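> give me the fold of what follows.
(one chain, ligands or ions: 1)
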Amino acid sequence: MGGAAERLLQEWGTTIELDFARMPDTGKVHVVFPEPPRWAQGDGEPIGTAADAALTARTSMVCGLKLRLEAQGGRGFFLATFPDEQLCARCVKGLGRHSVRAFEHPQPETDHDGA
Ligand SMILES: [Zn+2]
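Residues are numbered from 1 along each chain as shown. As a prediction, the model looks like this:
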């Protein structure tokens, strides 16, 4: 389903930075539903309120999962570095033709000797 997330990335390109959040229960890393840049969202709100609202709103993952983050009293947390194989496949799929963006993140240093 070429969803809203894909359309947002289509419209804003790399102006939008993807965020990732880990679900502690499963260890899966989900793509936080992208949002247009702050400056594009209008103004008029006191900055604190706007920031709080934005934070609260950002509990939706691209795959449709709702994830309460630590800052909201939940247990999910943002992270930037993780191995690709922990990515939620449904989130990746939800990015459609921009799914490659989900892999543009730092990898943890691991040794692949695996013995
Ligand atoms: Zn997901």
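
> phi, psi of the closest residue to A4 other than its chain neighbours?
Leaving aside its sequence neighbours, A4 sits nearest to F33 (Cβ to Cβ, 6 or more residues apart in numbering; 8.0 Å). In this view, the C-beta of every residue, glycine as well, is placed from N, C-alpha and C. Dihedral pair for F33: phi -60, psi 120, per degrees, to the nearest 10.

> and the gap between F33 and the ion?
Note on F33: its distance to the ion, by Cβ to the ion, to the nearest Å, is 10 Å.

> okay but that residue is in contact with V62, surely?
Yes: the pair F33 / V62 is scored as a contact, 5.5 Å apart, by Cβ atoms under 8 Å.

> intersection of neighbour lists for the two?
A5 (Cβ atoms under 8 Å, 6 or more residues apart in numbering).

> more neighbours: which of those two?
V62 (26 against 22; other Cβ atoms under 10 Å).

> my guess is that one contacts G94. True?
Yes: counting by Cβ under 8 Å, V62 does reach G94; the two are 3.9 Å apart.
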